Each structure stands twice: as structure tokens, then as C-alpha cells.
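Visitor: could you look at this predicted model? Sequence included:
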Amino acid sequence: MSTRITFLGAAGFEIVGPEHRILVDPFLTTSPRAPIGAEELEPPDVILVSHAAFDHLGDTAAIALRTGAPVVCDGGVRRILLDRGVPSDQIRATVWGIVVEVGGVLVRPVECHHWSAGELADGTAVVGTPLAFIIETEPGVRIYHYGDTAIFDMRLIGELYGPTVGLLGCTVPHELSARVPGAGRLLSGEMDADECARTAEMLGLRLAVACHYFTQDDEVARFLELVPRYDTTGARQAVAPEVGDTVVVDAERHTIEEGRHSATGDLR
Amino acid sequence: MSTRITFLGAAGFEIVGPEHRILVDPFLTTSPRAPIGAEELEPPDVILVSHAAFDHLGDTAAIALRTGAPVVCDGGVRRILLDRGVPSDQIRATVWGIVVEVGGVLVRPVECHHWSAGELADGTAVVGTPLAFIIETEPGVRIYHYGDTAIFDMRLIGELYGPTVGLLGCTVPHELSARVPGAGRLLSGEMDADECARTAEMLGLRLAVACHYFTQDDEVARFLELVPRYDTTGARQAVAPEVGDTVVVDAERHTIEEGRHSATGDLR
Amino acid sequence: MSTRITFLGAAGFEIVGPEHRILVDPFLTTSPRAPIGAEELEPPDVILVSHAAFDHLGDTAAIALRTGAPVVCDGGVRRILLDRGVPSDQIRATVWGIVVEVGGVLVRPVECHHWSAGELADGTAVVGTPLAFIIETEPGVRIYHYGDTAIFDMRLIGELYGPTVGLLGCTVPHELSARVPGAGRLLSGEMDADECARTAEMLGLRLAVACHYFTQDDEVARFLELVPRYDTTGARQAVAPEVGDTVVVDAERHTIEEGRHSATGDLR
């Protein structure tokens, strides 16, 4: 038994466990580097959306409409999905602490210290409550998705829910910077490599998986270097998949399978 | 001298101390199990609303209009109350840390890690900042209302403000589930029994009072069982009132008076 | 080398370091006690706005339009500034953790547990994510601006970013109370003197600077008294500038220069 976690770029993942197929923050159609088209994805049991940012909400509406997959999200993302035609009974809005079962998948939303802001088609601003998620795909595999949170004291989350694998953004997807209007420039993502490595320790992870990039930069390298430094368990490992790669995990170990195209960078 | 805390269902309470009558999150008219009608309630000195959810905002506007009672709430709830005709000078919007005196009652809003979202009559979405509250009704009786917060590290709140009684939601009001649209189902409230029991310990409560239900379920039973397990003081007690019951507390002890109708379930 | 921090009233500061001029929360035109007119201020390299409250957003739009200075703020404040005619490429919206370089100044936004709510000219409500800031003006001078946060466990912020100087609101600007509609009255600001003094300890500050007032009240006096009580370093100092005063700091020491007018109270 094992769980396959394929990195789709930014904070997007397709997670295929023994029982369920879970899509998180699928950003593909306008991605600078997508390993698969949104229309090619197999129908997921559930789609999790952490917040309303364009590189997280991504293709959710289209995939939900094509496949009928239900979506778990915050109240702001719900309004945007309704605005894009996704039926109300296909959406489950929730918030920190309210565990839901959707598409047969048990989803635990946990605190995410970020924002969730977007717009309806007519320009109406929408604000919600960003989410991080924990899902258990098989016994001993509890996957935490950070949802773009900034660092905060996550020891209670680690103690209460015991995530084993963390999908942690440690840098900023540089390719998207030009799409964000504004003065000056972004120097970091919501967490840098050091903050991420501390987060892995606070959560008590067994495996820390870097994300929030399309191509690896120095911060990703630093993440791989720093995760062991903060590790008081002596058992934590860190990986940084390329877009398209699949991290295969079970309760005991993990391996990485290279994506079809990732070695050559010949992505879709 | 004593304070009477009557459970109105969901997270609603009427708190009558030696000096003031305080109404919190009054949800009665559309409640599946209300011990009293909104129009029968004696005029409170102040109404506290934790957030904009329909089972917390409840009958606030009607009670405020009928009785002239002032309301303490967040900025989002304020907009909804204005929209429903409550005069501006009857509403006090506040946020975490800003202690207010309203209707003669000193109200301390503290952090609540939840959401506050609702709608105006024309469908305009409203978002605010959810509140938990601490009020001291008499010397040695400091009541914490959780406001639907998820668990977080509340030790600082315990240390700073020393609440003695906590009104803590440990389950989800199942009777309301059908009124919340969406895919799948809710498996828990914002906190489960274990999280609530930990919260009681972090806050250093003397008395932990369960709420956020209309009829008691297994989580409520588990709450009563777990509160003593996390208790490092050896002095903490836990109670789970039926809707309509009154918890009578003073600085030394508490008793429970059964509601007129609760024994037979013959609620309004 | 030194950094000059001039108190403009409320939470407003002009910070002039060896390399940059930084304006924070400039509230002048409708201030009850402003040491300088908004139109007299020298063009800043960057304006930081913590949240949308009128006494923090203040004259930001006018100063940005007159001087061309870029603004760092949350997404809600950005919408208000756009509504007031500030060009999009002059505004940088960010959130906790995303470090930005704007106007040559490196700005680190950190968690602020408050609200950010305002209105567009047509009355549309706007909600954002409040910000606190850390900026390093010279080696060894890292200034934390609290942005109206309530107290929370800030030890991680202290450990990670090592602020040396903290601008901390310890009371409520009484002169503005009448401008805030509502029932009852405000008894405190977002933090009181005791909470501020604890915050200074959690952040590990060298110098704690009181603010969020126009005239000093008992809470300010209590702040000066309590900061040393919570100090476990034996090296922390506390000051409470009058509006118009300048705190001059370097990595080793600080002095206070009285404002031109502050001795006589003959403020603009």
C-alpha cells in the first residue's frame, strides 16, 4: 500500500492513495510549467482549495464542472466557484477545526495564517479564510498541505494531528511575479527555507516536501540543507520534487519517481 | 451572590449576574429546540454576538429593536445589524484586545480563530472578525465564551485574564446540518471533545461548560470524561447542561438547575 | 550612523535612516494634534500602512499622489488607495511572511492580530489582512511597528527576526473616540500597558517606544513603569515620546529630541 503525490507546480498536487484521488490547488492552464492539462486529469474524489489566489484556485471550477468532483474550500472561494457556475451542492465550505467528509475523503482544515482574496466576474471583491489541510490517505500517512501559511507556532498542530508528510512552500514562484501588479518586488514567499525547516520540526514531520515553485532556486537548495539541521528526531527527510515528479510514500519510506518530462524540462 | 448561566441552545446563553443581564449569541426563533421565545426574554443590559453565522447572530436584531439593548460585535455583524434597522448608536463594534463598557458591562473581546461571514438583505456578502469574550459578572466569576473558535494555544489568555468558567463548544449542532448547503457532511464542530478539554486546561478554568448542541451526543459525553484527564489543577469540573438548564456559579462552587421543560424534552 | 524616528501621533512615524526615509501610518490632516502637515512632509522612499482604519491609513493617498512614493499595505488598503486614484504600480500589497523590496527598502510584514476594514467612496465595504512590520534601517537597528495588533505569543517573531526597537501602542487615542460611532465607550486600546510590556519581552526588544496616543495618559505612565518589570535582559529601555518628538537610535543607544512645538503643546 502506498500513496503517490505528484507535484503539479506552485502548490498543486495530485494525491493518489489506496482509496482516493485528491487534487489540491490545481493550477495548470495558465501555469508556466504544467506536467498535465487540466482536462487530462482523472476525475478526483475531491478537490481541496486552500485560498482564492489565482495560482491556488487555478483550474478548480473547470475541473469541478467537467468531472463533478466536490470541492472543499473556504467561504470566499465558495462564492467564486458559485459565480463560475459550480453547483452549490458540489461545494463544501469549511473552516479551521471543522472536519468534513467529502467525496468519501476525511479532510481536516487547520489554521493557515495567510489571506484569501479574489474577485467575482463582475469585479466584486471576495474575501475568505485561508485553509491548510491534513488528510490521512492510508494508515501512517497523514499529509499536511500548508496552503501558503506564514510561519507560526505549529507545535499544537503537530501534537494533535501528527502529520507525517508536509507539503511546504519555501520560496516564491518567480515565473508568476510579473502577473502580480505592484511596486517593487517580492523577495520571498510566505515562508523562506529556514522558516519551512523550523515548521517541519514543529509539526514533527517524517518527510518534508518542498513546493511553491516551478523551477528550483537557491531557497529550495537551502530547504534541503536546513531541514536536517532543525530535526531533533534524527529521522526526518527532505525532498524537492521537480514539477511532474511523484513522491511515493507509505508509513515506512518514500521514493521519488521522475515525471515523464521533468528530466528534460520538456513540460507541457 | 451568584451568577445564573442559562443555556439557550447552540452557543446561546443568558447570563444573569448580581448587576447585569447579558445575552450571548441568542438563536431562538428558528432553533430546533429553544427554551424561551426571543420575544419573551427580559431586556438584557447588553447582547454579545461572537460572529455572523445564523446560529449565533440569531435573533439579535429583533431583540435589540424590541428592548433597545446595545450590542457588542465585530465590524461585519455591525453592518448586518445596521442593515436590519438597528441604530448605529446601539451597536459597538470592537476587536481583540479593545475592552469596552457597554450597557454598564465591561466586555473583553479575545482572539477567536474562526470566521465571521454573512449577508445583507440584498445578498451583499459581509465579512468580519470573529470574537470570543470574557466578562466578569461578580468577583471571582470570569466567564469565557469561545465564539466558535478552533483550538489554538490559549495559555496566554488564561494567564492574562484568568477566566474561571468557560463556555466551550465541543460538538456540532447536528439539527442544523441540513440548513448548511454543500457537499459531503460535517464530522465535527470547530473543536472536538479532546480539543475542548485541552482548551479548558490552557485557560486554567475552574468550570468547563459544554455547548454547541441541542441534544447531547457522544462528543459531549467524551467532553465530560476528558476534561478531568487534562486537568493539572485537580479542581476543574465539567458540566453539560441540557437546553434550558441553568448553571449557577459563584466564586466557590456551581450547581445546575434543570430547565422547566428540559426533563421532558418538551421545549418550546 | 543613526536612525531618527519622529512620532507623528496615533501610530504614525517618520523614520529616517542612513539610507531611506520611511513613513508609517501617516495620520495628519484630521489629527487633533499633528506636528507637521501632510503636504509639508519630505517625499518618503516608501509608505507603510498597517491597516485601513482612518487613523492609520490617514493621508496616505494624498501623500502618495503628491510625492509618487510607493505604498506597502494589505489587499484591502490597496483597493481603497486605487479607489482614491493611486496608480496600481505605486502600490504593493503583501501579507505576513512575504518580504518585499519597495522604494529600495526591505520590508518584512509580520502577523498582526487585528482587523483591516474600510470603505470605498461609494460606501462599498472593504476588508483586508492587517500587517505589522519589521524594517532594518541600519545594521543593528531593526524596527518593529505593531500595526494595532492585540497581544499574542510573539516569541517566535522575536527569535526569528530579532527586532531591537518596538513601536507599541499601549493606550487608546482618546481624542478620536467621538469619531467612532457606537454604544458605550472604549476602555483600552488593542493592548494595554501590561500587555505591551509583555510584548516587549517576548520580542526581546532593546528599546520599547510607546505610541497610539496624542496626549499621554496613565496607561503611558504605566507602560514606562512596567517595561522594566518584565525585562529579563536587564538592558531594555522604554520611552514615551510626545507628538513631534524624535527618538534617535543606533545599534548602541538612543536619545530623544523634543519636537519644535512639543514643549509648549503648540502643535499645528
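Guide: Yep, that arrived.

Visitor: what parts of chain A come near chain C?
Guide: Residues of chain A lying close to chain C by C-beta under 8 Å from any C-beta of the partner chain are A:113-115, A:117, A:125, A:127, A:150-153, A:172, A:181-192, A:194-195. (Each C-beta comes from the backbone N, C-alpha and C, glycine too.)

Visitor: for chain B, tell me which of those residues show up nearby.
Guide: Checking the residues of chain A next to chain C against chain B (C-beta under 8 Å from any C-beta), the matches are A:Val127, A:Asp153.

Visitor: count of residues packed around A:Asp122?
Guide: As a burial measure, A:Asp122 scores 6 neighbours (other C-beta atoms under 10 Å in any protein chain shown).

Visitor: from A:Leu168, how far out is it?
Guide: A:Asp122 is 36 Å from A:Leu168, where distance means C-beta to C-beta, to the nearest Å.

Visitor: I figured A:Ile98 hits A:Val107, correct?
Guide: No: the pair A:Ile98 / A:Val107 is not scored as a contact, 9.6 Å apart, by C-beta atoms under 8 Å.

Visitor: picking up where we left off before, just the buried ones from the residues of chain A next to chain C?
Guide: Buried residues within these, counting neighbours by 16 or more other C-beta atoms under 10 Å in any protein chain shown: A:113-115, A:117, A:125, A:127, A:150-153, A:172, A:182-184, A:186, A:188-192, A:194-195.

Visitor: surely A:Arg4 is within a strand?
Guide: Yes: the assignment for A:Arg4, made by DSSP: H, G, I helix; E, B strand; the rest coil, places it in a strand.

Visitor: confidence score at it?
Guide: Note on A:Arg4: pLDDT of 98.

Visitor: and for it, nearest residue in space, chain neighbours not counted?
Guide: Closest residue in space to A:Arg4, ignoring its immediate chain neighbours: A:Val16 at 4.5 Å, by C-beta to C-beta, 6 or more residues apart in numbering or on different chains.

Visitor: burial count for the nearest residue to A:Gly182 once chain neighbours are set aside?
Guide: Nearest residue to A:Gly182 in three dimensions, chain neighbours excluded: C:Arg92, at 4.3 Å (C-beta to C-beta, 6+ apart). The number of residues packed around C:Arg92, counting by other C-beta under 10 Å, is 25.

Visitor: show me what the helix or strand containing C:Arg92 is packed against.
Guide: Secondary structure assigned from DSSP states H and E places C:Arg92 in strand C:91-93. If contacts are counted by 3 or more C-beta pairs under 8 Å, 6 or more residues apart in numbering or on different chains; DSSP states H and E, strand C:91-93 sits against strand C:71-73, helix C:75-83.

Visitor: could you dump stretch A:65-85 to CSV, C-alpha only?
Guide: Output of stretch A:65-85 as CSV, limited to C-alpha atoms (Å, rounded to 0.1, in the frame of the first residue of the first chain):
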residue,chain,number,x,y,z
LEU,A,65,-17.6,21.2,-13.8
ARG,A,66,-16.1,18.6,-16.1
THR,A,67,-15.7,15.8,-13.5
GLY,A,68,-18.4,16.6,-11.0
ALA,A,69,-15.8,16.3,-8.2
PRO,A,70,-16.8,18.1,-5.0
VAL,A,71,-14.7,20.9,-3.7
VAL,A,72,-13.6,21.7,-0.1
CYS,A,73,-12.7,25.4,0.4
ASP,A,74,-13.3,28.5,2.5
GLY,A,75,-16.4,30.7,2.2
GLY,A,76,-14.7,33.2,-0.2
VAL,A,77,-13.6,30.5,-2.6
ARG,A,78,-17.1,29.1,-2.4
ARG,A,79,-18.6,32.4,-3.6
ILE,A,80,-16.1,32.5,-6.6
LEU,A,81,-16.9,28.9,-7.6
LEU,A,82,-20.7,29.6,-7.4
ASP,A,83,-20.0,32.6,-9.6
ARG,A,84,-18.3,30.4,-12.1
GLY,A,85,-21.2,28.0,-12.3
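
Visitor: for that stretch, the distance to its chain's centre please.
Guide: Chain-centre distance of stretch A:65-85: 17 Å, with C-alpha atoms, centre = their mean, to the nearest Å.

Visitor: list the buried residues of it.
Guide: A:67, A:69-83.

Visitor: picking that back up, partner strands of the strand holding C:Arg92 and their direction?
Guide: strand C:71-73 (parallel) (DSSP bridges).

Visitor: could you pull up the mean pLDDT of the partner strand?
Guide: In this model, strand C:71-73 has a mean pLDDT of 98.

Visitor: got the contact list for A:Thr215?
Guide: Neighbouring residues of A:Thr215 by C-beta atoms under 8 Å, 6 or more residues apart in numbering or on different chains: A:Arg33, A:His174, A:Glu175, A:Val243.

Visitor: for C:Arg222, state which of these is nearest.
Guide: Closest to C:Arg222 out of those is A:His174 (48.2 Å), distances taken as C-beta to C-beta.

Visitor: need phi/psi at the closest one.
Guide: Backbone geometry at A:His174, expressed as degrees, to the nearest 10, gives phi -50, psi -30.

Visitor: which residue, other than its chain neighbours, is closest to it?
Guide: Distances taken as C-beta to C-beta, 6+ apart put A:Asp217 closest to A:His174, at 6.9 Å, once the chain neighbours are dropped.

Visitor: for that neighbour, give its distance to A:Thr171.
Guide: As judged by C-beta to C-beta, A:Asp217 and A:Thr171 stand 6 Å apart.

Visitor: of those two, who's got more company?
Guide: Neighbours per residue (other C-beta under 10 Å) separate A:Asp217 from A:Thr171, with A:Thr171 holding more: 25 against 15.

Visitor: my guess is the more buried one contacts A:Tyr213, does it?
Guide: Yes: in this structure A:Thr171 lies within contact range of A:Tyr213 using C-beta under 8 Å: 5.2 Å.

Visitor: close to chain B: what parts of chain A are there?
Guide: Residues of chain A lying close to chain B (C-beta under 8 Å from any C-beta) are A:46, A:70-72, A:74-76, A:79, A:88-103, A:106, A:110-111, A:126-129, A:153, A:156, A:160.
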